[in-house]
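> have a look; sequence and predicted model below, questions after that.
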Amino acid sequence: MLFGGFLILHLLYTLALMKGKAFRILASVMAFLMLLSSVSWTIEKHYCMGSLIDVAFFHKPDSCGVPLSDSNVSQTVIRDLNACCSNEIINIPGQEELKLSSGSFDLDQQVFLSAFVFSYYNLFKVASERLVPFNDYQPPMVVKDICVLDQVFLI
C-alpha cells in the first residue's frame, strides 16, 4: 500500500513536470470518471409485441403510437395494449457516499511528507547556469592603482 502511494506520487510529480497537455488530459479524464461513478443512470426500454420500439436515457421512451389517454379508445383496446406492450427499466445506482478526505495526518507525518516531497522534487531539478547580475555592465575606468595608493599588498 505504501509503495503504491509513492508510485502514484511519482507519477503525479512526473506529470506535473510536463505542465502540458498530458496533465490537463489526465485531470479531465479523472474528473469525468468521478462524474460517471457518482451519478446514477436509468435506461428505459419500450417493447411492443416483443420488438424494441425505443430506448431512452434521460426521458420517457416513446410508446407504440396509440395514445392511451384518448377518450375514444375503449377499455378492451387499453387492456390489449397493456398485454402486448411492456417497459423495461434498468437502474444503475451511483455512488451515494463519497469520502472527501483520505484521513488525518499527525504533525510528524506532515513534516515527513513535506520533507520527502521537497527532497524528491529537488532530486530531479535541472541545475541552471549561474546567474551573474553584472554581466551586461562595463567595469569602471581605473584611473590610478588603488592597491599602491592605499599601500595594501598581498603577501
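In hand now; what should we look at? Residues are numbered from 1 along each chain as shown.

> on the three-state scheme, residue 114 is what?
helix (DSSP: H, G, I helix; E, B strand; the rest coil).

> and it, how far is that from residue 9?
12 Å (CB to CB, to the nearest Å). C-beta: built from backbone N, CA, C; applies to glycine.

> neighbour-wise, which of these two wins?
residue 9 (14 against 10; other CB atoms under 10 Å).

> phi, psi of residue 89?
phi -120, psi 120 (degrees, to the nearest 10).

> and the residue lying closest to it once chain neighbours are set aside, which of the three is it?
Using CB to CB, 6 or more residues apart in numbering and skipping the chain neighbours, the partner closest in space to residue 89 is residue 44 (5.3 Å). Secondary structure assignment for residue 44 (three-state DSSP): strand.

> so what pLDDT did residue 44 get?
pLDDT for residue 44: 90.

> contacting residues for it?
55-56, 60-61, 87-90 (CB atoms under 8 Å, 6 or more residues apart in numbering).

> if any of the residues you listed are buried, put those into a ChimeraX selection.
The ChimeraX selection below is limited to those of the contacts of residue 44 classed as buried (16 or more other CB atoms under 10 Å):
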select :61
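
> and the contacts of residue 44, which two are the farthest apart?
60 and 90 (14.3 Å; CB to CB).

> related to what we said a few turns ago, can you list the contacts of residue 44 in TSV and add secondary structure?
Listed next are those as TSV, based on three-state DSSP:
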residue	secondary structure
55	strand
56	strand
60	coil
61	coil
87	strand
88	strand
89	strand
90	strand
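
> save the contacts of residue 44 as TSV, and put in pLDDT and distance to residue 118 too.
As requested, the contacts of residue 44 are exported to TSV (pLDDT from 0 to 100; distance: CB to CB, whole Å):
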residue	pLDDT	distance to residue 118
55	87	54
56	88	54
60	79	57
61	79	57
87	83	60
88	87	57
89	88	54
90	88	50
